[in-house]
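> pasted the sequence and its predicted model underneath.
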Amino acid sequence: MSELPKTVIVTGGASGIGYAFCEHLATLGHRIVVADLRGGDEAAARLREQGAKAIGVQADVVSEEDVATMAAAAEREFGGIDVLVNNAGLFTTLALKPFEQITNQEWMRVMEVNTLGPFNCAKAVLPALRRSGRGRLVNIASTVPIKGPPNMSHYVASKGAVIAFTRSLARELAKDKITVNAIAPGFTLSDGVLQTDLQNRIGDNARTTGRCLQRDQVPADLVGALAYLVSDGAGFVTGQTLAVDGGGVFL
Ligand SMILES: NC(=O)c1ccc[n+]([C@@H]2O[C@H](COP(=O)([O-])OP(=O)(O)OC[C@H]3O[C@@H](n4cnc5c(N)ncnc54)[C@H](O)[C@@H]3O)[C@@H](O)[C@H]2O)c1
């Protein structure tokens with residue numbers, strides 16, 4: 001690669017969209033830390049078999065202790081951290097239901113994983129990103145805060161918060177030469193989606209017909225956007241949300 005490799009932590013990186021991110025960034029020569037509740041070691045081993053530099057870390061993004069361990073493991077193994085991809089999120093396991101049927105516990109749990117998680121991880125890696133001098137933070141949001149689909153109001157609100165958090169952090173961290181951006185995927189046939197009947201329940205509009213490019217979205221459709229935001233050429237891009245959904249929404 002012509003650019004110097006970066007050390008990249010991908011939360012929720014053991015499967016789904018997160019694993020596609022890990023695999024693609026590894027092919028570009030970056031060093032990968034696969035952080036996940038489960039399966040991080042196995043995913044990292046698969047990446048190493050493909051010639052990548054990768055480690056796995058067991059980490060729940062909600063746990064301050066776990067994400068401190070995650071950051072320490074990355075620094076110990078690779079001598080620093082350049083990029084955090086806040087990808088772990090609760091979506092594919094959520095029951096779709098009218099908002100008045102969502103319990104306080106369900107609401108809080110989605111907020112915990114999808115908003116406290118990225119906040120925790122950003123705090124844990126911040127000293128290393130500052131030292132990097134070319135730090136990048138990429139939050140995986142969604143197009144749902146733009147579209148406002150029904151029956152998932154906790155998820156929609158959580159991803160709206162991710163976009164707002166991205167903008168606020170971009171201003172705070174610019175002085176540290178850290179860029180902060182979000183990727184907003186459309187409905188994507190990730191591992192988690194394929195393991196549920198969500199793809200049947202979500203409707204044709206979200207899956208295909210509501211997009212300019214009328215086909216199902218797959219994790220591979222997202223990797224180019226991340227590679228761009230991580231690249232040296234994107235160093236002057238910050239606070240942005242990049243929708244990658246085949247033209248379902250225009251930001
Ligand atoms: N699939 C979609 O249609 C879609 C669309 C827009 C945005 N997204 C977002 O993309 C991200 C990935 O989605 P996906 O479809 O690949 O999900 P997935 O369910 O297929 O995979 C999620 C991964 O995150 C891990 N994870 C879950 N909770 C965690 C926690 N507390 N700590 C650490 N790891 C945790 C899981 O173990 C799993 O490996 C999520 O943030 C999701 O909200 C997905």
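Arrived safely.
> what ranges does the stretch 51-200 of the chain have for its helices?
64-78, 104-111, 117-132, 144-147, 153-173, 191-194, 198-201 (DSSP state H, counting those that start in this stretch).
> okay, these in CSV with mean pLDDT, mean neighbour count and distance to G40 next?
For every residue, glycine as well, the C-beta is placed using N, CA and C. What follows is those, written out as CSV (pLDDT from 0 to 100; neighbours: other Cβ atoms under 10 Å; distance: least, Cβ to Cβ, whole Å):
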stretch, mean pLDDT, mean neighbour count, distance to G40
helix 64-78, 98, 18, 9
helix 104-111, 98, 14, 22
helix 117-132, 98, 21, 14
helix 144-147, 98, 20, 27
helix 153-173, 98, 19, 22
helix 191-194, 95, 17, 14
helix 198-201, 86, 14, 24
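> for D221, which of those is the nearest?
helix 191-194 (13.3 Å; Cβ to Cβ).
> surely A45 and G39 touch.
No: at 10.2 Å, A45 does not count as touching G39 under the criterion of Cβ atoms under 8 Å.
> list the residues that contact both of those two?
Jointly contacting A45 and G39 under the rule Cβ atoms under 8 Å, 6 or more residues apart in numbering are G56.
> look at the two and report which has more neighbours.
G39 (17 against 13; other Cβ atoms under 10 Å).
> any idea how far the more buried one lies from the ligand?
Separation of G39 from the ligand (Cβ to the nearest ligand atom, to the nearest Å) stands at 6 Å.
> and the pLDDT at the nearest residue to that residue once chain neighbours are set aside?
Nearest non-adjacent residue to G39, counting by Cβ to Cβ, 6 or more residues apart in numbering: A14, 3.5 Å away. For A14, the model assigns a pLDDT of 98.
> returning to that earlier point: of the helices of the stretch 51-200 of the chain, which is nearest the ligand?
helix 191-194 (2.4 Å; Cβ to the nearest ligand atom).
> that closest one vs the ligand: in contact?
Yes: in terms of Cβ under 6 Å from any ligand atom, part of helix 191-194 sits within range of the ligand, namely 191-193.
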